[in-house]
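S.K.: need coordinates for the following:
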Amino acid sequence: MSAISETIVREFLEASGFLVQQGRKFVAPSRRHDSHIDFFATHPAATEPKAALLFELRPADLKHVRRAVFAVKGWHTETFSAAVMSNSPEIFRFAQPAAVKEAEKVFGTDTGFLKILVAPSLPASKKLRRESLEMLRDKGVDGVIEFPAVLSSLIDGVEKNRNYQRSDVLQLIRVLKVHGMLRERQMELFRSAKPRAARKPKS
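M.R.: This next block holds a predicted model:
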C-alpha cells in the first residue's frame, strides 16, 4: 500500500509544480536509522502567501511552499489519532534532527524548508483532531495534508481527452473517468435528498 500511496503523492506534487527527488530507491532491512523522508521537493515558481499558512494544509496552499520534505503514511485503515501516533514513533522520524541533516545535504544549510506529513486522515472529533495536531507540532512537523485531499486534487486535474501514457496512475484515473466510474464531486451537491417519512396525523 505504501508504494502506491507514494506514487500518488509524487504525481500530486509534480502536478502542483514541484521538482521531486525520492528519498530512497531501496527498502532497508532495518529502518531503525532511516530518516523516513519519502520526498525532497522544490517549487521553483512558489509565491509568497498573503498570510501565514495554516498547519492543516490544503492542496492550493502548496503553491506557497518553496522547499519541503514529505513523509507519506499510507495507513488507510485507521485515523491518525494521538493514541495511534503515540504507539508509532516512526511517524515523526522525518522531522527529527537526523532527518533534518539529511535534508540539508539536498537543500543546503542556507535555505529553509518545511516538514510536511501526508496522513491518511485525522480524527473527525474536534477534540481528538486538536490533540493530534498538537502532537504533530510538538514533534517538529510543520504541516499536515490529508490523503483524501491529495487524491481529490489529482483526480480533478485529470482530463478525459488527454492521454497520460507516461503515468499509469493518471491514465487509470482518466480511464475511470471516461467510463463513468469517477463522478465529479460537484454533482453530489445536486443529488436529491431522501424524502422524509410522512408524519402521522394526530388523532
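
S.K.: A68 should be in a strand, yeah?
M.R.: Yes. Assessed with DSSP: H, G, I helix; E, B strand; the rest coil, A68 lies in a strand.

S.K.: and for E90, the neighbour number?
M.R.: 13 (other C-beta atoms under 10 Å). All C-beta atoms are positioned from the backbone trio N, CA, C, and that covers glycine.

S.K.: where does it land on pLDDT?
M.R.: Looking at E90, its pLDDT reads 88.

S.K.: for the closest residue to it other than its chain neighbours, give me its contacts.
M.R.: Nearest in space to E90, with sequence neighbours left out and distances taken as C-beta to C-beta, 6 or more residues apart in numbering, is H36 at 6.2 Å. By C-beta atoms under 8 Å, 6 or more residues apart in numbering, the residues touching H36 are G23, A71, E90, R93, F94, A99.

S.K.: now do K139
M.R.: Applying C-beta under 8 Å, 6+ apart, we find K139 in contact with I91, F92, A95.

S.K.: looks like the first one contacts K73 (just checking).
M.R.: Yes. I91 sits in contact with K73 when judged by C-beta atoms under 8 Å, with a separation of 6.3 Å.

S.K.: mind listing the shared neighbours of these two?
M.R.: F80, L117.

S.K.: where in this structure is the helix or strand with the lowest mean pLDDT?
M.R.: helix 82-86 (a mean of 89; mean pLDDT, DSSP states H and E).

S.K.: confirm that T47 sits in a strand.
M.R.: No. With three-state DSSP as the criterion, T47 is coil rather than part of a strand.

S.K.: count of neighbours near it?
M.R.: If we define neighbours as other C-beta under 10 Å, then T47 has 10 of them.

S.K.: where does L117 land in three-state SS?
M.R.: strand.

S.K.: for it, give its distance to T47.
M.R.: Distance of L117 to T47, given as C-beta to C-beta, to the nearest Å: 23 Å.
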